[in-house]
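1. Predicted structure and sequence below. I'll ask about it afterward.
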Amino acid sequence: MNILLVYAHPEPKSLNGSLKNFSVKRLEDAGHVVRVSDLYAMKWKASLDADDSMDRRSDMRFDPALDSKRAFETGRQSEDIALEQDKLRWADAVILQFPLWWFSMPAILKGWVERVYAYGFAYGVGEHSDARWGDRYGEGTMAGKRAMLIVTAGGWESHYSPRGINGPMDDVLFPIQHGILYYPGFDVLPPFVIYRTSRIDEAGFSRIRDALGQRLDDLWNTTPIPFRPQNGGAYDIPQLTLRPEVAPDQVGFAAHTG
Ligand SMILES: Cc1cc2nc3c(=O)[nH]c(=O)nc-3n(C[C@H](O)[C@H](O)[C@H](O)COP(=O)(O)OP(=O)(O)OC[C@H]3O[C@@H](n4cnc5c(N)ncnc54)[C@H](O)[C@@H]3O)c2cc1C
């Protein structure tokens, strides 16, 4: 299988760097082909702006969505964007690996998403009408591919438990797992999260490696998070609210998982 690892940590000798090297070797030893987008090493341009189109016209108002659409459709996207899209098309599975920074991904990775997820590629796909709201949330360009997060967090596991002060980790990661991965069609596997990173010693690192290795070995048979498909009957269209009979007592993020 082809695996794309999108990696966002500025220090190669970090915990994240060690785990990235471990993951690449484990996957390659299992016979997979692995490509790594090491965003800091690539000096990835994080900000989406008018330079993302080769046809930039300084006299025209920049429209982030429509300019993205035009550049994608006409093959006039910035080359770095097109290359990452090719890697996504090539991949059977995509892993995003990053340290949790301010309850989300580092800005450089958010910028990768903003720029690579062009209009027509990751959104604005399929028929958009009052009867059908596009191919998204379970359908779309990434349908049939798997995705997984590898995340390190300074906070304790209890801080991210259902009643923990930071909010449950499933909720913290919902915008990434549901909004960024499920939206363009990925089957999203449960995340691999490492907590309390400052307390990791050699023994702890060894346990983490074993657990991560097992998750990588199981990449193809792990059951994805059962997010509800947009066009599977659970939602009224075009309101895009859950039908009254679906999870009637639930609201918030958890209601969108079956
Ligand atoms: C801007 C910013 C925002 C943050 N926001 C949050 C937040 O919102 N929520 C939260 O929970 N945390 C937050 N943190 C903490 C952050 O998530 C952690 O610092 C990060 O996940 C640690 O990952 P690292 O790769 O940088 O670890 P490192 O600092 O490189 O390493 C962590 C530990 O692992 C050990 N280690 C590393 N490599 C090895 C190895 N090969 N073998 C054995 N041991 C090893 C090190 O000795 C060290 O003790 C934030 C940090 C920053 C800088």
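-> Right, received. Where do you want to start? Numbers count the residues shown, from 1 in each chain.

2. Which parts of the chain are strands?
-> 2-7, 33-38, 93-99, 146-152, 187-188, 192-194, 235-236, 241-242 (DSSP state E).

3. got CSV for those strands, with mean neighbour count and mean pLDDT too?
-> (C-beta placed from N, C-alpha, C; glycine too.) Below are those laid out as CSV (neighbours: other Cβ atoms under 10 Å; pLDDT from 0 to 100):
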stretch, mean neighbour count, mean pLDDT
strand 2-7, 22, 99
strand 33-38, 17, 98
strand 93-99, 22, 99
strand 146-152, 22, 98
strand 187-188, 21, 98
strand 192-194, 19, 98
strand 235-236, 16, 96
strand 241-242, 14, 98
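
4. Close to the ligand: what parts of the stretch 1-150 of the chain are there?
-> When proximity is defined by Cβ under 6 Å from any ligand atom, the stretch 1-150 of the chain lies next to the ligand at 9, 14-16, 18, 99-103.

5. do the same with the stretch 151-258 of the chain
-> Neighbours of the ligand within the stretch 151-258 of the chain, by Cβ under 6 Å from any ligand atom: 152-155, 197-198, 200, 202, 205.

6. Provide a ChimeraX selection command restricted to the buried entries of these.
-> Applying 16 or more other Cβ atoms under 10 Å to those, the buried members can be selected in ChimeraX as follows:
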select :152,153,155,197,200
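
7. Geometric centre of this structure: which residue is closest?
-> residue 181 (4.4 Å; Cα atoms, centre = their mean).

8. can you tell me which residues contact it?
-> 94, 96, 142, 147, 188 (Cβ atoms under 8 Å, 6 or more residues apart in numbering).

9. hmm, 10 Å instead?
-> Applying Cβ atoms under 10 Å, 6 or more residues apart in numbering, we find residue 181 in contact with 94, 96, 113, 142, 145-149, 173, 187-189, 224-225, 227.

10. ok, which stretches of the stretch 1-150 of the chain are helices?
-> 15-29, 64-74, 79-90, 107-116 (DSSP state H, counting those that start in this stretch).

11. Could you report the pLDDT at the residue of the chain positioned farthest from its centre?
-> Taking Cα atoms, centre = their mean, the residue of the chain most remote from its mean C-alpha position is residue 59, at 34.8 Å. What the model reports as pLDDT for residue 59 is 87.

12. any idea how far it lies from residue 119?
-> Distance, residue 59 to residue 119, using Cβ to Cβ, to the nearest Å: 22 Å.

13. try residue 200
-> 41 Å.

14. List the buried residues for stretch 233-253?
-> For stretch 233-253, the neighbour count (16+ other Cβ under 10 Å) marks 234-235, 242, 246-247, 253 as buried.

15. quick check, nearest of these to the ligand?
-> The ligand lies nearest to residue 253 out of these, by Cβ to the nearest ligand atom, at 17.6 Å.

16. my read: the closest one touches residue 176, true?
-> No. Counting by Cβ atoms under 10 Å, residue 253 stays clear of residue 176, with 11.8 Å between them.
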